[in-house]
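Trainee: Kindly return the folded structure for what I paste below:
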Amino acid sequence: MSSKKERVAAVSAAASGTLACVKFAVGIAIGSLALISDALHSLIDLGATLVTWYAVRVSDKPPDAEHHYGHGKVESLAALAETALLFLLAGGVAVEAVQRLFAGGTAPTFSFVPFGVLAVEMVINGWRAHVLKKTARETGSQALEADSLHFASDLYGSVAVIIGLGLAAYGHAWGDAAAALVVAVIIAGLGLRMSRRTIEALMDTAPPGVRDRVARLIAGVPGVVRIERLRIRMVGPRHFVDGAIAVPRTMPLVRAAALKATLQDAVAATLGDADVTISTTPVALDDESVQERIMVIARNRGLAVHHLTVQAIGETLAVALDIEVDGEMPMGAAHEIASGLEDAVAAELGPDVEVETHIEPLQAPSLPGRAADPQRVAALAQALTELARIRPALRNVHDVRVRETPDGEIVVFHCHIDPSRSVIDVHEAVDDLERALRRHHPEIKRAIGHAEPRTADASAPAA
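Mentor: Coordinates of the predicted model:
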């Protein structure tokens with residue numbers, strides 16, 4: 001993209017320089033103010049094109065330590081400089097043209113040369129305006145777009161000069177000055193048009209319709225509650241999008257991160273060249289359950305809770321839960337943590353709520369241990385099989401593993417269940433089997449049963 005913009009700007013500069021020199025020389029030779037004004041316009045075009053050439057090279061540089069958003073604003077500054085030159089030229093030509101109209105003067109010397117030069121210029125400018133506009137649209141370059149407007153306006157200026165020279169050739173000396181005034185008006189009009197666009201870019205005005213398009217895209221993605229903030233600005237041809245969205249506070253961090261990545265990719269794909277930043281704000285939803293609200297409070301306080309029960313006793317809401325803390329923590333400190341959680345839950349749910357917590361020690365992150373002897377594993381596997389026979393919900397105890405630790409044995413086993421049974425039924429049945437095993441073998445510290453549908457492990461023997 002960079003080489004394409006530079007190549008187009010270079011060709012434009014060469015053409016501007018050649019045409020400006022030829023027109024200026026012919027204008028001086030025949031004494032035509034209109035042609036001299038048009039030549040000066042072309043000379044400014046040459047200077048503007050050189051500035052554009054430099055600007056597009058600088059604007060494509062990547063961000064650095066001092067320019068965090070890149071160098072795209074250089075193109076807007078170049079367009080602003082071109083606008084200032086246009087207003088300066090328009091004012092000077094207008095003053096000279098008005099003076100000649102009122103003071104009178106001699107008509108320029110008639111010659112076919114300026115007509116030929118202007119005809120060639122119109123063809124070249126038409127081609128340049130088309131190529132520059134197309135390239136500006138493809139690359140998003142404001143500087144190239146400004147150049148294309150220059151050369152499009154030159155066509156009208158050339159027509160005005162031809163008419164003025166024609167009038168002067170037929171004895172109307174004022175025609176040349178009038179044509180120069182028309183050229184000044186065209187230049188000023190172009191300057192006004194360019195200044196509006198350039199100032200909008202420098203003021204970070206959002207491109208028309210882009211914000212609404214991006215807002216509709218973001219709002220339509222599942223998981224977005226609402227848009228809190230959406231700001232879009234252009235730096236050169238690149239969009240910079242800064243958005244903040246509200247998401248359910250129950251949404252896991254991993255899902256929130258995935259949602260942001262999805263939105264960033266979608267917005268970038270819609271806008272093309274875009275730098276997208278999305279932040280999330282967790283909010284409470286009206287349809288949150290009491291359990292969800294309590295779990296959010298515990299998670300925000302960095303606490304693990306389980307066995308959460310909620311009961312409605314008349315007008316009172318009774319909440320009970322187990323809270324896990326470091327087993328080595330002093331009981332006084334653990335009680336303060338539990339009381340803080342109770343107060344936070346009460347503040348969230350209102351005054352008519354009772355909150356009771358049961359403090360449990362967290363298991364050590366890693367227990368030393370080793371695998372039990374095969375004879376011990378076989379004995380416990382047989383015990384589990386016998387205990388499961390009197391529990392019709394469970395079948396085919398298998399994959400029994402036994403680990404010996406300083407605190408006692410840890411037994412892990414798998415069993416099959418009917419997949420149509422509810423989770424509650426299966427959980428109660430597995431818990432009952434675990435408790436029965438520990439009653440028969442008090443040396444077992446913990447038993448962990450994993451229930452799976454009968455079809456989940458085809459390699460295991462049938463019951």
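Trainee: Tell me the spacing between the residue nearest to the spatial centre of the chain and residue 216.
Mentor: Using Cα atoms, centre = their mean, the residue of the chain that lies closest to the mean C-alpha position is residue 276, 2.2 Å off. As for residue 276, its distance to residue 216 is 15 Å (criterion: Cβ to Cβ, to the nearest Å). No exception for glycine: its C-beta is placed from N, CA and C like everyone else's.
Trainee: Then residue 170?
Mentor: To residue 216, residue 170 is 61 Å away according to Cβ to Cβ.
Trainee: One more: residue 117?
Mentor: In this structure, residue 117 lies at 53 Å from residue 216, with Cβ to Cβ as the measure.
Trainee: which one of the two has more residues nearby?
Mentor: residue 117 (22 against 10; other Cβ atoms under 10 Å).
Trainee: How about the contacts made by that one?
Mentor: Contact analysis of residue 117 by Cβ atoms under 8 Å, 6 or more residues apart in numbering lists 19, 22-23, 26.
Trainee: for these, which one is nearest residue 261?
Mentor: Of all these, residue 261 sits closest to residue 19, with 51.9 Å by Cβ to Cβ.
Trainee: ok, which stretches of this structure are strands?
Mentor: With DSSP state E, the ranges of strands along the chain come out as 226-235, 238-248, 274-283, 304-313, 316-326, 353-362, 370-371, 394-405, 408-417, 444-453.
Trainee: Contacts for stretch 93-100 next, please.
Mentor: Outside stretch 93-100, the residues within contact range by Cβ under 8 Å, 6+ apart are 33, 37, 40, 174, 176-178, 180-181, 183-185, 187-188.
Trainee: thinking again about what came up before, just curious, which of the contacts of residue 117 is nearest to residue 201?
Mentor: Using Cβ to Cβ, the contacts of residue 117 come closest to residue 201 at residue 19, 28.6 Å.
Trainee: need the strands of the chain in JSON lines with distance to residue 423, can you?
Mentor: Below are the strands of the chain laid out as JSON lines (distance: least, Cβ to Cβ, whole Å):
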{"stretch": "strand 226-235", "distance to residue 423": "34"}
{"stretch": "strand 238-248", "distance to residue 423": "24"}
{"stretch": "strand 274-283", "distance to residue 423": "28"}
{"stretch": "strand 304-313", "distance to residue 423": "15"}
{"stretch": "strand 316-326", "distance to residue 423": "19"}
{"stretch": "strand 353-362", "distance to residue 423": "22"}
{"stretch": "strand 370-371", "distance to residue 423": "31"}
{"stretch": "strand 394-405", "distance to residue 423": "14"}
{"stretch": "strand 408-417", "distance to residue 423": "10"}
{"stretch": "strand 444-453", "distance to residue 423": "9"}
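Trainee: Same list as before, those strands that is, but in JSON lines and with mean pLDDT and distance to residue 148 included.
Mentor: Formatted as JSON lines, these follow (pLDDT from 0 to 100; distance: least, Cβ to Cβ, whole Å):
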{"stretch": "strand 226-235", "mean pLDDT": "90", "distance to residue 148": "18"}
{"stretch": "strand 238-248", "mean pLDDT": "91", "distance to residue 148": "20"}
{"stretch": "strand 274-283", "mean pLDDT": "91", "distance to residue 148": "24"}
{"stretch": "strand 304-313", "mean pLDDT": "90", "distance to residue 148": "64"}
{"stretch": "strand 316-326", "mean pLDDT": "91", "distance to residue 148": "69"}
{"stretch": "strand 353-362", "mean pLDDT": "90", "distance to residue 148": "69"}
{"stretch": "strand 370-371", "mean pLDDT": "90", "distance to residue 148": "79"}
{"stretch": "strand 394-405", "mean pLDDT": "92", "distance to residue 148": "74"}
{"stretch": "strand 408-417", "mean pLDDT": "93", "distance to residue 148": "73"}
{"stretch": "strand 444-453", "mean pLDDT": "92", "distance to residue 148": "69"}
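Trainee: Any idea which of those gets closest to residue 347?
Mentor: Ranked by Cβ to Cβ, the member of those that lies closest to residue 347 is strand 353-362, at 9.4 Å.
Trainee: what lines up beside that closest one in the sheet?
Mentor: Each strand that pairs with strand 353-362, with its direction, by DSSP bridges: strand 316-326 (parallel).
Trainee: got a list of what residue 401 touches?
Mentor: When contacts are counted by Cβ under 8 Å, 6+ apart, residue 401 touches 371, 377, 411-413.
Trainee: Under the pLDDT cut-off, which ranges of the stretch 51-200 of the chain? List them.
Mentor: Residues of the stretch 51-200 of the chain meeting the criterion pLDDT under 70: 52-53, 55-57, 59-60, 68-72, 104-110, 140-144, 146-147, 150, 153.
Trainee: So which bits of stretch 128-135 are buried?
Mentor: If you call a residue buried by 16 or more other Cβ atoms under 10 Å, then stretch 128-135 has these buried ones: 128-129, 131-133, 135.
Trainee: Now do the closest residue to residue 393 other than its chain neighbours against residue 447, distance only.
Mentor: With sequence-adjacent residues excluded and distances taken as Cβ to Cβ, 6 or more residues apart in numbering, residue 393 is closest to residue 429, at 3.9 Å. Distance of residue 429 to residue 447, computed by Cβ to Cβ: 13 Å.
Trainee: Next: residue 77.
Mentor: Distance from residue 77 to residue 447, by Cβ to Cβ: 74 Å.
Trainee: Could you check which of these two is surrounded by more residues?
Mentor: Taking residue 77 and residue 447 together and counting by other Cβ under 10 Å, residue 447 has the greater number of neighbours (21 against 18).
Trainee: What about the closest residue to the more buried one other than its chain neighbours, how many residues nearby?
Mentor: Spatial nearest neighbour of residue 447, chain neighbours left out: residue 434 (4.0 Å); criterion: Cβ to Cβ, 6+ apart. Here the count is done by other Cβ under 10 Å, and residue 434 has 19 residues near it.
Trainee: Likewise for residue 196?
Mentor: Residue 196 has 12 neighbouring residues, counting by other Cβ under 10 Å.
Trainee: Same check on residue 210?
Mentor: The burial count for residue 210: 17, using other Cβ under 10 Å.
Trainee: Surely it touches residue 271?
Mentor: Yes. Taking Cβ atoms under 8 Å as the contact criterion, residue 210 and residue 271 are neighbours in contact, 7.0 Å apart.
Trainee: Which residues are in contact with each of those two?
Mentor: When Cβ under 8 Å, 6+ apart defines a contact, the residues bordering residue 210 and residue 271 alike are residue 239.
Trainee: All set now, cheers.
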